[in-house]
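K.L.:
model this:
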Amino acid sequence: MLTKKKNFLLVFAILAFVVWAFPGNAYASELSEIEEANEILRNPENYSEYLKNYSVEDALKAGVDPEYAETASEDALEQLNEFQLLDYNQQMEFLDSMKQPFESSEEIITEEPSVQQYQARAASNSRTVSHTSTLSSFGINWTTYRVTGTYTYNSTGALKAGTTSGIVVRNLNPLVKTSRTSSYGSISNKKYSGVATFSYKIGPLKGLSVQIGTYNLKVTGGKNGLISGSAWKN
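P.N.:
Purely as a prediction, here's the structure:
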């Protein structure tokens, strides 16, 4: 009886340790990442070093789609060259804007021309359209999102929604953790609409709380292809 009691107490102690230790370790790891990101954006020298050593693994960790991770790593060196062309005050302003990337949409968020990626194929009468939105400052892009959708059509308009996907093409902002949470396509009034939603988490920064929200992209198409594209945050 005493042995059973000892075994029970041992199992209970192990479970209590697991519950206590692992959440703490996860929190400590997240806190360490935040501190590291803040340090990267503390001055131009640190951010330049970050871009110089930006790897495929860094891209994947930042939420970049695996298909674009290698390209994102190469883009980091291009961004480094552009960043170093700025004077010191511009570099500091650039780093400050990265700390609140969704707050000054008119200055930071730019809409790239939406595209019709593929022409209609006679056999399937389908089209693929996409829209890309980029966060940037001083003409330097740091985070890029894209929504892509397919649909069938005839002479009257869009008929049936196909696949709709959303991806992160690049993320060179160490403070932003982002990933796609949902994507869907629908047909209304003979028009196709595809929407992709991404979650993001920023910080916390010194003196500021954690910023959590969603960023949404939408692309619309009809019988002749692309109609429009847009982006907004919640």
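K.L.:
Low-confidence stretches in the protein?
P.N.:
Scanning the chain with the threshold set as pLDDT under 70 gives 1-31, 103-124, 203-210.
K.L.:
any chance you could map the strands in it?
P.N.:
In the chain, the strands defined using DSSP state E lie at 109-111, 115-118, 126-137, 140-154, 157-171, 176-188, 191-202, 211-222, 225-233.
K.L.:
How much space separates Tyr47 from Ile140?
P.N.:
Per CB to CB, to the nearest Å, Tyr47 is found 11 Å from Ile140. Placement of C-beta: from N, CA and C, glycine included.
K.L.:
list the residues that contact both of these two?
P.N.:
Taking CB atoms under 8 Å, 6 or more residues apart in numbering as the contact rule, Tyr47 and Ile140 both touch Phe83.
K.L.:
More neighbours: which of the two?
P.N.:
A count of neighbours by other CB atoms under 10 Å puts Tyr47 above the other of Tyr47 and Ile140, at 23 against 19.
K.L.:
wouldn't that one be in contact with Leu95 here?
P.N.:
Yes - using CB atoms under 8 Å, Tyr47 is in contact with Leu95, at 6.1 Å.
K.L.:
which residues do these two both contact?
P.N.:
Leu41.
K.L.:
I'd like the strands of the chain as a markdown table, with distance to Lys61 appended.
P.N.:
Rendered in a markdown table, the data for the strands of the chain read as follows (distance: least, CB to CB, whole Å):
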| stretch | distance to Lys61 |
| --- | --- |
| strand 109-111 | 23 |
| strand 115-118 | 28 |
| strand 126-137 | 18 |
| strand 140-154 | 14 |
| strand 157-171 | 9 |
| strand 176-188 | 9 |
| strand 191-202 | 13 |
| strand 211-222 | 18 |
| strand 225-233 | 22 |
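K.L.:
Val56 is nearest to which of those strands?
P.N.:
Among the strands of the chain, strand 157-171 comes nearest to Val56, with 12.2 Å by CB to CB.
K.L.:
Tell me which strands that closest one pairs with, and in which orientation.
P.N.:
According to DSSP bridges, strand 157-171 has the following sheet partners: strand 140-154 (antiparallel).
K.L.:
Buried residues in the partner strand, which are they?
P.N.:
Of the residues in strand 140-154, 140-153 count as buried by neighbour count, 16 or more other CB atoms under 10 Å.
K.L.:
Please apply the same query to stretch 82-93.
P.N.:
Those buried within stretch 82-93 under the rule 16+ other CB under 10 Å are 83, 86, 91.
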